[in-house]
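Enquirer: need a 3D model of the following:
(chains A and B)
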Number of protein chains: 2
Amino acid sequence: MCVNYEELIPQFRSYLKKMTDYHSAIALLEWDARTHMPKKGIRGRSQAIATLSGEAFRMSVSDQMASFLDQLESQQGSLDQVTARLVEESKKTYERSRKIPPDRYEAFVALTSEAESVWEVARGENDFATFAPYLEKIVDMTREFVDYWGYEGHPYNTLLDQYEVGMTVSVLDDIFSGLRTETVMLLNKIEKKPLVNTGILERYYDPEKQKAFSEFILREMGYDFEAGRLDETAHPFATGIADGDVRITTHYYPNFFNAAIFGSIHEGGHALYEQGISYELIDTPLHSGTSMGIHESQSRFWENMIARSYEFWQCYYGDLQKYFPESLGDVSLDQFYAAINVVRPSLIRIEADEVTYNLHIMLRYEIEKGLIGGDLAVKDLPEIWRENMRENFGIVSPTDSDGVLQDVHWSGGMFGYFPSYALGNIYAAQFAQALERDLPDLKDRVQHGRLPEIRQWLGQNIHQYGALLKPAEILKQVTGETIDAKPLVSYLNQKFSTLYHL
Amino acid sequence: MCVNYEELIPQFRSYLKKMTDYHSAIALLEWDARTHMPKKGIRGRSQAIATLSGEAFRMSVSDQMASFLDQLESQQGSLDQVTARLVEESKKTYERSRKIPPDRYEAFVALTSEAESVWEVARGENDFATFAPYLEKIVDMTREFVDYWGYEGHPYNTLLDQYEVGMTVSVLDDIFSGLRTETVMLLNKIEKKPLVNTGILERYYDPEKQKAFSEFILREMGYDFEAGRLDETAHPFATGIADGDVRITTHYYPNFFNAAIFGSIHEGGHALYEQGISYELIDTPLHSGTSMGIHESQSRFWENMIARSYEFWQCYYGDLQKYFPESLGDVSLDQFYAAINVVRPSLIRIEADEVTYNLHIMLRYEIEKGLIGGDLAVKDLPEIWRENMRENFGIVSPTDSDGVLQDVHWSGGMFGYFPSYALGNIYAAQFAQALERDLPDLKDRVQHGRLPEIRQWLGQNIHQYGALLKPAEILKQVTGETIDAKPLVSYLNQKFSTLYHL
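Expert: Numbers count the residues shown, from 1 in each chain, chains lettered A, B, ... in the order given. This is a model prediction of the structure:
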């Protein structure tokens, strides 16, 4: 067959563009469902999302897609970089999806959809026993899928690969074991120090002013409100609807300072990534973050390394006091800085501080690895959870609701996702080290609110590439290294040694 | 071929459901574009809308659709009422769309898209000459399409039929000529009376309070906020996104009372229609208003016949004064009632009162009929407009911006749409007559805020049917009559004779 490659590539791009349009519509349908949709819209909304998702899925596994991939792969050597990556990514999706028998995939979707509702009730009622049979089925089906997909080394590797291309159990075991030791050592030292007063964070903070200050800081970071917006939802998130439309949400608690401001900055970090992707990649699946870990590195970098730094508040604390004179007028910069950086072992992952956060992830990682590897049974999870908490955190959750039932991920079958959060912290520290190498006066810049210069560096070094480069490639290009927890350990030791006078 | 009809109907319904999901997504993409979308989202948004619209269009003219229609039509006698109407409607769309060569349709879409931008500038700069060549091309292409579609009687009939099934030039000529005579007679009498003071409507009305009062009245009407919401846009509209999600918008002017409140009630009338459609019709194209004219009858009925009635404000004026004590505290109910019902010939259609509004429509109707019939030339429109204004309104627009250029419709090629507005007024009066027949104490009910009882009557008699019954059918069923302007004339004569002491 004679193939005209000059026509083939535009046809392939146009096919991908159509899929992008579906995904863009889905993203808006989901955003609206969480921000503005009236209650009774849920039936029609779920149905519209299911229809469009089904259509996008069918396009990704169609014979037309197979034909594009076959023809383009035969020309692999002569393809431009973008097309080559598009072929590689599309092929990966195609193969993964085609390996699962459609009836098994549908059964999995139905199971997880039901399991999410069951989990929600079970968490509310501290009732692990009701959720357990669902979780068992989800684990069984996930293991079945892993067999369909195949794997090298540990079966969990193929799940990790979905969220972080190339990540493996042996890399994570190695990384996490060092990080755990260092974290526990640091924690032990901190726990000997006097408690920090965090009551000031629980004073009254007018939600309208929290919103105004969040917007102010987002503008300072370089978030483009002409290509995005900030709304309120129960659980904050960022979503890229289209290249000029990357939205974030946060949540305002009148009596808790941290959630909205650091939530906005965190989601703003995600959004800057999406807003910074090269125009060359629009209307393709590469116009997105390259992995969950790299995405999380951007949100964590802004939230912790910038917005929880002393220099940041040297610049902005005066502004903040003007927004909340009654609650912060009598609080010194040092008191405030100590309060927002308090380290304290706690039960709930999403409320954890920078130091203990990764321990929460390691607990989940060990459990997932055990479940997928067949070394752990679902019924034993509550006890395993308590033991691990006792050993690593020195505290025990009185209920499963605040223990093994606290996260939604497993009910949705998202095994392999949790490590992304810790990877985000690790990458963020590696990137931060490279940033300080390139801009030695970084602290001085932060202190003077020169945040757009940081955004520019991230844009040039990370954001613009979208998913054109893989996580390990981008890490190598920016830092010259492979993944390494040492920069994170050294960042944490340095920051908290100073703060706690260790 | 052996066809299994028991399977065929569910398959056809499932095919239509998928199209409904596309339309639902498109409706949300458009709503969001007008309410919340950041500026730079427009490129991606337009593209996503185009992709989904194209897909829905392809489904409506596909070979699969043809096959459904062929098979189902052969069983026409034995089909249930809903399926029979679904086949009829789908067939109509299929045939209309298939008759236009795709390249001509694409050329028309491109032309009108460009023309809308040209029109916007031309209106801003009072420059008809720049817009004229576009309008000429649009008229030419519309006439070409009319030839493809075919027509009976006047070529304009096939355009009317798009918005109001079965409506014809001969019916409209007849209806409008009587209505014009009566309107002009009424106007002449009113113009001899002293001017009404409308200055009170231009006092300060806090937009937040306008919003609160709009929401209050919408709740009184029975608009379900769990199946809808009220937002602000430059131009008010109502949109049915799904069966439990019918949204409306309005616009708040701090120094003009009428726009937001009556705008909300008008759009609320549209929304009650969509919220009241039978569950039996969801996920089909019949889950919508049956025509533009019937839709407009619902909005006009609530806006004018209810919310501009004396009884309505006997009930709610006290509430209104509490919302705006500074602007309305010194205004009597009678003064307020006279001001919101002022009759005064004016240049702009969308600002016109109940009496003169239909004259604006007739002017446009005569022009459209002439253009499509080949009796009028685009270049002569400004002069024709001025002459008609002089003759019927006794005033002349100093600019084309406030004359022939004021409406967007023609730039979008929407010939045949304008009559719907007048039909809405006519139908509304016919329905109101039937309502008073069924509920003789209607005025008393309004006076006591028993609006849900009115909503219920509309629901049972009109709303529930969606597009299952055609306009003429629903009119016959409710009133026992065909279209007739006499109830409107008598309503207007009665209302304004009392108000103006004629």
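Enquirer: quick one, helices of the stretch 401-502 of chain A?
Expert: For the stretch 401-502 of chain A, the helices defined by DSSP state H, counting those that start in this stretch cover A:419-438, A:442-447, A:451-461, A:471-479, A:486-500.
Enquirer: could you give the mean pLDDT of the fourth one?
Expert: Meaning helix A:471-479. For helix A:471-479, the mean per-residue pLDDT is 98.
Enquirer: can you give me the buried ones in it?
Expert: For helix A:471-479, burial by neighbour count (16 or more other C-beta atoms under 10 Å in any protein chain shown) applies to A:471-472, A:474-475, A:478-479. Yep, even glycine has a C-beta here, placed from its N, CA and C like the rest.
Enquirer: can I get those in TSV including distance to B:Ser177?
Expert: Putting those into TSV (distance: C-beta to C-beta, whole Å) gives the following:
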residue	distance to B:Ser177
A:Pro471	75
A:Ala472	79
A:Ile474	74
A:Leu475	79
A:Val478	78
A:Thr479	82
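Enquirer: how about the residues of the stretch 1-150 of chain A by chain B?
Expert: Within the stretch 1-150 of chain A, the positions adjacent to chain B are A:17-18, A:21-22, A:24-25, A:28-29, A:32, A:36-45, A:47-48, A:51-52, A:55 by C-beta under 8 Å from any C-beta of the partner chain.
Enquirer: show me which residues of chain A sit near chain B.
Expert: Contact residues of chain A with respect to chain B, defined by C-beta under 8 Å from any C-beta, are listed as A:17-18, A:21-22, A:24-25, A:28-29, A:32, A:36-45, A:47-48, A:51-52, A:55, A:224-229, A:241-245, A:247, A:282-283.
Enquirer: pLDDT weak spots in chain A?
Expert: Applying pLDDT under 70 to chain A flags residues A:1-3.
Enquirer: taking the centroid of it, which residue is nearest it?
Expert: A:Glu296 (4.1 Å; C-alpha atoms, centre = their mean).
Enquirer: and the residue of the stretch 301-450 of chain A that's closest to chain B?
Expert: Each residue of the stretch 301-450 of chain A has a distance to chain B, by C-beta to the nearest C-beta, and the smallest belongs to A:Trp302, at 20.0 Å.
Enquirer: ok, now which ones touch that residue?
Expert: By C-beta atoms under 8 Å, 6 or more residues apart in numbering or on different chains, the contact set of A:Trp302 is A:221, A:265-266, A:268-269, A:272.
Enquirer: got the residues you listed as JSON lines, with distance to B:Tyr252, secondary structure and neighbour count columns?
Expert: Putting these into JSON lines (distance: C-beta to C-beta, whole Å; DSSP: H, G, I helix; E, B strand; the rest coil; neighbours: other C-beta atoms under 10 Å in any protein chain shown) gives the following:
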{"residue": "A:Met221", "distance to B:Tyr252": "32", "secondary structure": "helix", "neighbour count": "20"}
{"residue": "A:Ile265", "distance to B:Tyr252": "33", "secondary structure": "helix", "neighbour count": "25"}
{"residue": "A:His266", "distance to B:Tyr252": "35", "secondary structure": "helix", "neighbour count": "24"}
{"residue": "A:Gly268", "distance to B:Tyr252": "31", "secondary structure": "helix", "neighbour count": "30"}
{"residue": "A:Gly269", "distance to B:Tyr252": "36", "secondary structure": "helix", "neighbour count": "30"}
{"residue": "A:Leu272", "distance to B:Tyr252": "34", "secondary structure": "helix", "neighbour count": "28"}
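Enquirer: tilt between the top helix by length along chain A and helix B:5-35?
Expert: As assigned by DSSP state H, the longest helix anywhere in chain A is helix A:5-35. With axes from the mean of the first three to the mean of the last three C-alpha atoms, to 10 degrees defining the directions, helix A:5-35 sits at 80 degrees from helix B:5-35.
Enquirer: check which helices and strands helix A:5-35 sits against.
Expert: Contacts defined by 3 or more C-beta pairs under 8 Å, 6 or more residues apart in numbering or on different chains; DSSP states H and E place helix A:5-35 against helix A:42-60, helix A:63-73, helix A:81-99, strand A:238-242, strand A:245-250, helix B:5-35, helix B:42-60.
Enquirer: could you identify which of these is most buried?
Expert: strand A:245-250 (a mean of 26; mean count of other C-beta atoms under 10 Å in any protein chain shown).
Enquirer: got the angle between it and helix B:42-60?
Expert: Using the same axes, to 10 degrees, the direction of strand A:245-250 lies 100 degrees away from that of helix B:42-60.
Enquirer: strand A:245-250 pairs with which strands?
Expert: When pairs are called by DSSP bridges, strand A:245-250 turns out to pair with strand A:230-232 (parallel), strand A:238-242 (antiparallel).
Enquirer: tell me how far it is from the chain's mean position?
Expert: Offset of strand A:245-250 from its chain centre (C-alpha atoms, centre = their mean, to the nearest Å): 14 Å.
Enquirer: residues contacting it, please?
Expert: Defining contact as C-beta under 8 Å, 6+ apart, one finds that strand A:245-250 is touched by A:31, A:34-35, A:214, A:218, A:223, A:227-233, A:236-241, A:259-260, A:263-264, A:267-268, A:270-271, A:274-275, B:37-38, B:40-41, B:44-45.
Enquirer: equivalent analysis for stretch A:178-191, please.
Expert: Contacts of stretch A:178-191 (C-beta under 8 Å, 6+ apart): A:343, A:345, A:355-356, A:358-359, A:362, A:392, A:394, A:422, A:426, A:485-486, A:488-489, A:492-493, A:496, A:500, A:502.
Enquirer: just the buried members of the residues you listed?
Expert: If you count burial by 16+ other C-beta under 10 Å, the buried members of these come out as A:343, A:345, A:355-356, A:358-359, A:362, A:392, A:422, A:426, A:485-486, A:488-489, A:492-493, A:496, A:500.
Enquirer: for the strand or helix carrying A:Arg123, packing partners?
Expert: Here A:Arg123 is covered by helix A:102-124, with elements defined by DSSP states H and E. In terms of contact count using 3+ C-beta pairs under 8 Å, 6+ apart, helix A:102-124 is assigned the packing partners helix A:128-149.
Enquirer: please report phi then psi for the closest residue to A:Ile340 other than its chain neighbours.
Expert: Distance criterion C-beta to C-beta, 6 or more residues apart in numbering or on different chains; nearest residue to A:Ile340, sequence neighbours excluded, is A:Arg308 at 6.0 Å. Recorded main-chain torsions at A:Arg308 are phi -110, psi 20, according to degrees, to the nearest 10.
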